[in-house]
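Enquirer: Structure, please.
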Amino acid sequence: MQGVGMVRFSDEFQTSLRDLMRWRRDVRRFRTDPVDEAILRDCLASFALAPSVGLSEPWRIVRVETPVARAAALASFEAANARALAGYAGEKARLYSRLKLSGMREAPVQLAIFCDEATGKGAGLGAATMPETRRYSVVAAITQFWLVARARGLGLGWVSILDPARLCRDLDIPSDWALVAYLCLGWPETETAKPELELAGWERRRQDVPVETR
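Expert: Now for the predicted structure:
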């Protein structure tokens, strides 16, 4: 039974939403064409609609624009990527060395997303026993941003092979902000139905969702 005044979404909309989630990709191969500022701002507006613990809205967004800042971020990735490769051996090392794991050289828009761990907004509601929920809130907001960007035809890549402390120093980030994501955004070179890591033979996506009962 639906609640009084609850918005109802058509079957067609529900199918389209599932298609949007299915076609969301972690993009590493971008065209260098610029992203119109109005489109970017429209996508960023999705953060204002995201859920957050205690309504704390702890996300902080930094546009990485200058050549100096981008070079520092890229250097952090390349150093961390080399360390990661050294941690594999045999076939996994061979596969890893062939993967393209960031679009930082090509993506026209690059965003560093932080969590403000010291925010007073929300008065700590819901975060006293699990302070990590603030970071979870940032991830939820990024997920919405990702889907909105995909709906506009944009590709988004999440770069996690970085040294957070080094990046925060290089970008002169406040000490109370914790890095959650480094995002590359732009127009994708191609679109694929399968994740790139699956196509490369690194891993396969589950076909089921395991659920345990206690």
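Enquirer: So for the helix or strand where Ile61 lies, mean pLDDT?
Expert: Secondary structure assignment for Ile61, by DSSP states H and E: strand 59-63. Mean pLDDT, strand 59-63: 98.
Enquirer: counting contacts, what elements does that strand pack onto?
Expert: strand 109-116, helix 133-151 (3 or more Cβ pairs under 8 Å, 6 or more residues apart in numbering; DSSP states H and E). From N, CA and C alone the C-beta is placed, and that goes for glycine too.
Enquirer: Go through the ones you listed and name the closest to Ala181.
Expert: Comparing these against Ala181 with Cβ to Cβ, the closest turns out to be strand 109-116 (4.4 Å).
Enquirer: partner strands of the closest one, parallel or antiparallel?
Expert: Sheet pairing for strand 109-116, assigned by DSSP bridges, gives strand 59-63 (antiparallel), strand 177-186 (antiparallel).
Enquirer: and these, which is most packed in?
Expert: Highest mean neighbour count among the strands paired with strand 109-116 (mean count of other Cβ atoms under 10 Å): strand 177-186, with a mean of 22.
Enquirer: Can you name the next helix or strand after that strand?
Expert: That would be, after strand 177-186 and using DSSP H and E, helix 196-199.
Enquirer: For that following helix, name the packing helices and strands.
Expert: On a contact count with 3+ Cβ pairs under 8 Å, 6+ apart, helix 196-199 meets no helix or strand.
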